[in-house]
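Participant: From the sequence below, what's the structure:
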Amino acid sequence: MNKEKYAEFTAGSNDNGKRADRIIRQFIREQALSGIYKAFRKGLIRINEIKARPEMKVHEGDKIYIFKSLIQSIEENKRPASINLEEIKNQIIYEDDDIVAVNKKKGQLVHGEKGSLEDLIRAYLKERIPDSLSFRPGPLHRLDRNTSGLIFFSKSITGAREFSDELQNRNFEKYYLALIDGKLKNKVRWVDNLGRDSVKGITFVSENNGKKAISTAEPVYQSQKHTLIMVKIETGRTHQIRAQAAAHGFPLSGDRKYGGSELKGGYFLHSLILKQVHSKSELLKSKITASIDKETLKRLNRVLTGCTIEELENRISHIKEGL
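Facilitator: A predicted model of the protein is given here:
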C-alpha cells in the first residue's frame with residue numbers, strides 16, 4: 001500500500017460499531033453508490049491498511065484510508081471564511097455533550113442554503129466534538145423559515161437517536177406563542193385530519209384523509225382585533241398551527257397564505273418551550289425556553305392595543321414559570 005496515494009482519517013466515537021460502507025456513503029456523498037462499492041472492490045478503501053469490505057465494522061481509533069481521487073471535491077470539512085461564530089454563540093441557549101438548543105431568528109433558514117443555521121452550528125461545533133467520518137450535526141426537528149424560537153441540533157449520534165426516540169414516543173411537550181385574528185376567549189382543543197398540497201405548499205383540514213393533528217390553544221392577551229395565544233401541540237404536522245388556527249376561524253395575523261389579515265412584517269409564531277415528560281431518559285434535565293427579542297415585543301405591543309411591553313413580558317414569564 002502506497003500511503004502517499006491515500007488520505008488518512010481516524011474513526012471517532014460516533015463512527016464506532018458502524019459498517020464501513022455506511023461510513024463511506026456518509027462521508028463521500030458526491031459519489032454514486034455503485035462507485036463506492038467499486039472502490040471497495042478495487043482496494044481504494046482500507047481499514048488499518050487492510051483492504052476493506054463493505055460489511056466490516058469500524059471501531060473508534062481505526063485508521064481509514066481513502067484513495068485521494070475519491071475525495072478531491074469534498075469541501076465540507078473546511079470552515080467557510082464568511083461565518084461569524086459570535087452570531088451563533090449568541091443564539092445558543094442550551095448545550096450539553098449530545099445536543100444544542102438554539103433560539104432561531106425569524107427569517108433564518110434551518111438548512112439547505114449557504115449561511116443557514118445548520119452551517120453556523122456545524123462551524124461552531126467543528127472544534128468542540130470528536131472528528132467523525134459518518135456523523136454530521138444536524139437539526140432534530142422542523143421549524144419554518146418565518147417561525148422563530150427553539151430548535152435543537154445533534155452533537156452526537158447518541159443525542160440524535162435519543163431525541164428522535166423521545167419525539168416518536170411523545171415524551172416532549174412543545175409550546176408556541178402565536179398572534180391570531182379575532183378573539184379567542186377560552187381554551188380550546190383542535191383535533192383534525194390534515195392533508196398536504198405539496199404543489200401549493202399548503203396544509204388543509206381533510207374530512208376523510210390526512211394525518212391526525214392535535215393542538216390546544218388558550219388566550220394570553222386579547223385586543224379588539226387580535227389575540228396572543230399559547231399553543232401546545234401534541235403532534236408535529238407541517239404547518240400544523242397555521243392550518244388548524246385558520247380552519248377554526250382564527251388565522252395567524254399576517255399569514256396571507258392561510259387567510260390572515262394584513263400585518264407588517266408577516267405572521268408571528270414562536271417556539272417557546274420544550275419540556276420532557278413521562279420519560280426515564282436524561283437527555284434534558286429541565287424545560288428549555290426561548291426568549292422573544294425586544295423588537296418583536298415592540299411589534300406585538302403595537303398590534304395588541306392596551307398592553308404594555310412590560311405586561312407582555314410578565315404574562316410570557318408567568319407562562320414559562322407555570323409549565
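Participant: Just the terminal-to-terminal distance for stretch 244-256.
Facilitator: Stretch 244-256 has its terminal residues 14 Å apart, counting by C-alpha to C-alpha, to the nearest Å.
Participant: mind listing what's buried in it?
Facilitator: 244, 245, 246, 247, 248, 250, 251, 252, 253, 254, 255 (16 or more other C-beta atoms under 10 Å). For glycine as for every other residue, the C-beta is placed from the backbone atoms N, C-alpha and C.
Participant: Mind listing residues that contact that stretch?
Facilitator: 178-182, 184, 188, 190, 192, 194, 204-205, 213, 215, 217, 226-227, 229, 231, 241-242, 258-269, 303 (C-beta atoms under 8 Å, 6 or more residues apart in numbering).
Participant: Any of these buried? List them.
Facilitator: For these, a neighbour count by 16+ other C-beta under 10 Å gives the buried set as 178-182, 184, 190, 192, 194, 204-205, 213, 215, 217, 226-227, 229, 231, 241-242, 258, 260-261, 263, 266-269, 303.
Participant: Which of those fall in helices?
Facilitator: With helices taken from DSSP state H, the overlap with those comprises 241, 242, 303.
Participant: same for the helix or strand containing residue 39, what does it pack against?
Facilitator: According to DSSP states H and E, residue 39 maps onto helix 33-41. For helix 33-41, the elements it packs on are helix 20-27, judged by 3 or more C-beta pairs under 8 Å, 6 or more residues apart in numbering; DSSP states H and E.
Participant: If you count contacts, what does the helix it packs on end up packed against?
Facilitator: Of the remaining helices and strands, those touching helix 20-27 by 3+ C-beta pairs under 8 Å, 6+ apart are helix 33-41, strand 45-47, strand 63-67.
Participant: ok, residues contacting the shortest one?
Facilitator: Right, strand 45-47. Counting by C-beta under 8 Å, 6+ apart, residues outside strand 45-47 touching it are 1, 6, 20, 24, 39, 51-52, 56, 58, 62-67, 70.
Participant: Turn the buried ones among the residues you listed into a named PyMOL selection, would you?
Facilitator: What follows is the PyMOL syntax for the buried subset of the contacts of strand 45-47, where burial is set by 16+ other C-beta under 10 Å:
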select buried, resi 6+20+24+39+52+56+58+62+64+65+66+67+70
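Participant: ok, the contacts of strand 45-47 vs residue 138, which is closest?
Facilitator: Taking C-beta to C-beta as the measure, residue 138 lies nearest residue 24 of these, at 18.7 Å.
Participant: which residues touch the closest one?
Facilitator: With contact taken as C-beta under 8 Å, 6+ apart, residue 24 is in contact with 36, 39, 40, 45, 66, 133.
Participant: Over to residue 319: give its phi and psi.
Facilitator: Recorded main-chain torsions at residue 319 are phi -60, psi -50, according to degrees, to the nearest 10.
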